[in-house]
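> Just need the structure, nothing else, for what follows:
(2 chains)
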Amino acid sequence: MIRFPRLMAGLILASLAPQAAHAAGPVPPVSPAAPVTPCPTGEAGAADAPLPGLAGALRHGGTLDILAVGAGPASAAPEHGQALPPGVAGLGPGSFLGQVAQDLETGAPGLHTSLTIRGGRGLGAPDQLNIIKAALAQHHYKLVLWQTGTLDAVQAAPADSFYQALADGADAVSSAGAELVLVEPQYSRFLSANTDIGPYLAAMEAAGALPNTLLFHRYDLMHDWEESGLIDLEDAAPADRLATATRLHACLAEALARALLPGYAGRSGPH
Amino acid sequence: MKTNRDLRIDFFRGLALWWIFTDHIPADWMGNLSIRNFALCDATEIFVLLAGYAGGIAYGGTMRKQGWLYAAADVVRRAWTLYIAHIFLFVIFAAQVGVSAAALDRADYLDEIHLDVLGEAPYRALFEALTLHFQPAYLNILPLYVAILLMFALALPLLRWPWVLGAISLSMYMVCRLFSLNLSSWTGGGWFFNPFTWQLLFMMGAILAYAPGEPPKRHRRLIDALSVMILLFGLVMQFVVWQHPETVGRLPEPVIRTLMSVDKGGLHPFRLISILALTWLCTRLISRDAAWLRSWIAAPFIITGQHSLPVFCAGIFLAFLGRLATEANDGFWVQAGVNLGGAAALFSVGAVAAWYANKGRIRKPALPEPASQEAVS
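Numbers count the residues shown, from 1 in each chain, chains lettered A, B, ... in the order given. Here you go, the predicted structure:
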């Protein structure tokens, strides 16, 4: 029997502890621990221009409804399109997306975020597109965070179909009066060595140039950090892996918040 | 070592097996030197093309002497051997990865290699693996080979009419690419390597072996130039486009869509012409009688290439061991140990297989022409 990984367990416990959340409804952001060590910065995570609609919302305060879509592990949500329980890696309020919401609130005083998480295991971009369309039909969101590409690359799905799904998603989000942030897959040596990731990253680059859309270069950023030894989750000793994963998610969230919020120094302080 | 055959085939099969080994170790520095970094194709294309070539010689020769039924029976028996090897490798590899994931607390191994479903639904996963509907990462080449061999058993008589076989094979490739026809996969998305498209490369190899026509002398320089241009295009794609995907966003929409369509699973035409260009240039530059093919440098590749099935299976197992080692320590000595140790282990497997294949046989003098070149020995 395989033991439940400490990393996953830690992430779930960390996110559940501060505040319980409703699985099916909007998930209020929690306050995960800010990274103790200042996060590295990098050009790969910087955006050329923030999203104009989001910039307005940040200026005026109020509630920012965010829809986050991605993939989760097996235990999270076996059915397509179901809301995920909080805390799962990559999708919970205590992990990457939850910390993005927290960073936005920190960087824009007066702003309150309402984070709704959708997704499920084994979903490629076309399936995620259907989830986004259904969610947009039910509720008006101002911002959509779409983590995608990993499964498509691993399964070698046609990259042109992947691009088409992204383009359709950008169109659907724009038509719904919202803005889209595409989030690249997480870098790993396995993904780099065992998939043809290039066409999928190129597809995301092309989709990121569409109106009301911004691309967050998570893959490049993580690659840079790993190459330079700043944050290397795969190389971390087992005893350090949970802390490294926590720091990685916090720093990725901070990098994305910096791309969305001009001048934001991050919760880890100025650099 | 069998030397009465075209050693170029064995050498490049051995080289492809070495690249498959290094490419499957995510942090292996030697992986940066494999063919996939410099061309649009990789070791898989080399392996399948040369498997077709070897199959054309071996089973085509049998068909000439003993007829279609006898040769087809040999092909089916070979497919069965490969199937058994695949199932055996599946069990070994699943155990290796599962135990490693538990011991090292790395459930992500299971997710990455897609063995997580084996833990969730073990009986169903085993059933789907037996029917080849479940193919974890690293374990998708042998099912492709099995499926292609079964097609080849039916197509064998058409080797006598290579243009007909070529036309049918090309038509199947085009139709299946156009309509995305593939065998289904339990985990969704179809087979990673679509056998209906990859068969074209195998059949091309078989045709080249069975009916080797002289290349047109008038157009040799033209084909040389075209091949070099194709390889240069591959270099640009690798070092400019895929290394810097941000350049794609600045390109016109039709160009973007063309670049996006370059897939490995369906053997995109870019990948196909890349391996064909490489093959052409290799045959132009490397003589069948090249002295270095009989040197000690080439010998390890030739021996492993002549016994590719056990070497391939051992390579998959060793590659995961190499991954564990390089993840524990990515330093120079570990890298050197993994690559030198891996090379020695693969060569040993090939040498043992060669010994078993030849034990008890009376040594015969080398023949001037290849008597046979087994598909995968």
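
> Contact partners for B:L235?
By C-beta atoms under 8 Å, 6 or more residues apart in numbering or on different chains, the contact list for B:L235 reads B:F38, B:A39. All C-beta atoms are positioned from the backbone trio N, CA, C, and that covers glycine.

> ok, it to A:L51 distance?
Here the criterion is C-beta to C-beta, to the nearest Å. By it, B:L235 lies 37 Å from A:L51.

> and the gap between the residue sitting nearest the centre point of chain A and chain B?
Centroid check for chain A by C-alpha atoms, centre = their mean gives A:L97 as the closest residue, at 4.7 Å. Per C-beta to the nearest C-beta, to the nearest Å, A:L97 is found 19 Å from chain B.

> wait, is that residue part of a helix?
Yes: per DSSP: H, G, I helix; E, B strand; the rest coil, A:L97 lies within a helix segment.

> Find the residue closest to it in space, skipping its chain neighbours.
Spatial nearest neighbour of A:L97, excluding adjacent residues (C-beta to C-beta, 6 or more residues apart in numbering or on different chains): A:A68 at 4.5 Å.

> Would you confirm that that neighbour contacts A:T116?
Yes: between A:A68 and A:T116 there is a contact at 6.9 Å, judged by C-beta atoms under 8 Å.

> Between these two, which is the more surrounded one?
Neighbour count, other C-beta atoms under 10 Å in any protein chain shown: between A:A68 and A:T116, A:A68 has more, with 29 against 20.

> mind checking the SS state of B:D330?
Look at B:D330: counting by three-state DSSP, its state is coil.

> What separation do you get for it and B:A27?
Taken as C-beta to C-beta, the span from B:D330 to B:A27 is 6 Å.

> the more surrounded of those two?
Ranked by neighbour count (other C-beta under 10 Å), B:D330 and B:A27 place B:A27 first, with 20 against 16.

> Run through the residues that contact the more buried one.
For B:A27, the contacting residues are A:R189, A:A193, B:R323, B:T326, B:E327, B:D330, by C-beta under 8 Å, 6+ apart.

> Contact partners for the first one?
Under the criterion of C-beta under 8 Å, 6+ apart, the contact partners of A:R189 comprise A:E226, A:E234, B:P26, B:A27.

> Doesn't the second one lie inside a strand?
No: the assignment for A:E234 (three-state DSSP) gives coil, which keeps it out of a strand.

> Quick check on it: phi, psi?
Here is the backbone geometry of A:E234 (degrees, to the nearest 10): phi -70, psi -30.

> What number of residues are in the vicinity of it?
Count around A:E234 with other C-beta under 10 Å applied: 18.

> nearest residue to it other than its sequence neighbours?
A:R189 (5.9 Å).

> got the buried residues for stretch B:37-52?
Across stretch B:37-52, burial judged by 16 or more other C-beta atoms under 10 Å in any protein chain shown covers B:37, B:39-52.

> May I ask you to name the longest helix in chain B?
If you go by DSSP state H, chain B has its longest helix at helix B:68-104.

> and it with chain A, contact?
Yes: Helix B:68-104 reaches chain A (C-beta under 8 Å from any C-beta of the partner chain) through B:G98, B:A101, B:A102, B:L104.

> quick one on the thing from earlier: can you check what pLDDT the model gives the residue nearest to the centre of chain A?
Per-residue confidence (pLDDT) for A:L97: 81.

> What of A:V173?
Reported pLDDT at A:V173 in the predicted model: 96.

> Following the helix or strand where it lies in sequence, what is the next regular element?
Assessed by DSSP states H and E, A:V173 sits inside helix A:159-175. Next helix or strand after helix A:159-175 toward the C-terminus (DSSP H and E): strand A:179-183.

> in that next one, what counts as buried?
A:E179, A:L180, A:V181, A:L182, A:V183.

> So for that strand, mean pLDDT?
In the prediction, strand A:179-183 has an average pLDDT of 95.

> Check which residues of the next helix or strand after it are buried.
Note on strand A:179-183: by DSSP H and E, the next helix or strand toward the C-terminus is helix A:189-194. Neighbour-count burial for helix A:189-194, counted by 16+ other C-beta under 10 Å, picks out A:R189, A:F190, A:L191, A:S192, A:A193, A:N194.

> Could I get the contacting residues of residue 124?
With no chain named, the answer covers chain A. A:T148, A:L151, A:D152, A:Q155, A:A157, A:F162, A:A165, B:G188, B:G189.

> Can you look at chain B instead?
Going by C-beta under 8 Å, 6+ apart, B:R124 touches B:W186.

> where's it, which helix or strand?
helix B:122-130.

> now that helix: mean pLDDT?
96.

> Tell me what angle that helix forms with helix B:68-104.
If you take axes from the mean of the first three to the mean of the last three C-alpha atoms, to 10 degrees, helix B:122-130 sits at 140 degrees to helix B:68-104.

> Buried residues, helix B:122-130. List them.
Across helix B:122-130, burial judged by 16+ other C-beta under 10 Å covers B:A125, B:L126, B:E128, B:A129.

> and the helix or strand just after it, how far from the chain's centre?
Counting by DSSP H and E, the next helix or strand C-terminal to helix B:122-130 is helix B:141-155. Between the centre of helix B:141-155 and the centre of its chain there are 13 Å (C-alpha atoms, centre = their mean, to the nearest Å).

> Give the rounded mean pLDDT of helix B:141-155.
Mean pLDDT, helix B:141-155: 97.

> From the rest of the structure, what touches that helix?
Under the criterion C-beta under 8 Å, 6+ apart, residues B:20, B:44, B:47-48, B:51-52, B:55, B:59, B:72, B:75-76, B:78-79, B:82-83, B:85-86, B:89, B:132, B:135, B:165, B:168-169, B:183, B:191, B:193, B:195, B:198-199, B:202-203, B:206, B:312, B:375-376 lie in contact with helix B:141-155.

> same question, stretch B:84-92
Against stretch B:84-92 from outside (C-beta under 8 Å, 6+ apart): B:A129, B:L130, B:L132, B:P136, B:L139, B:L142, B:P143, B:V146, B:L309, B:C313, B:I316, B:F317.

> Please save the CA atoms from that stretch in PDB.
Once non-C-alpha atoms are left out, stretch B:84-92 reads as follows in PDB (Å, rounded to 0.1, in the frame of the first residue of the first chain):
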ATOM      1  CA  ILE B  84       4.500 -11.500 -24.000                       C
ATOM      2  CA  ALA B  85       7.600  -9.300 -23.500                       C
ATOM      3  CA  HIS B  86       5.400  -6.200 -23.200                       C
ATOM      4  CA  ILE B  87       3.200  -7.800 -20.500                       C
ATOM      5  CA  PHE B  88       6.300  -9.000 -18.700                       C
ATOM      6  CA  LEU B  89       7.800  -5.600 -18.800                       C
ATOM      7  CA  PHE B  90       4.500  -4.000 -17.700                       C
ATOM      8  CA  VAL B  91       4.600  -6.100 -14.500                       C
ATOM      9  CA  ILE B  92       8.300  -5.500 -13.800                       C
END
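
> for it, which positions count as buried?
For stretch B:84-92, by 16+ other C-beta under 10 Å, it's B:A85, B:H86, B:I87, B:L89, B:F90.

> before we move on, what about stretch A:139-150?
Neighbour counts over stretch A:139-150 (16+ other C-beta under 10 Å) mark A:Y141, A:K142, A:L143, A:V144, A:L145, A:W146, A:Q147, A:T148, A:G149, A:T150 as buried.
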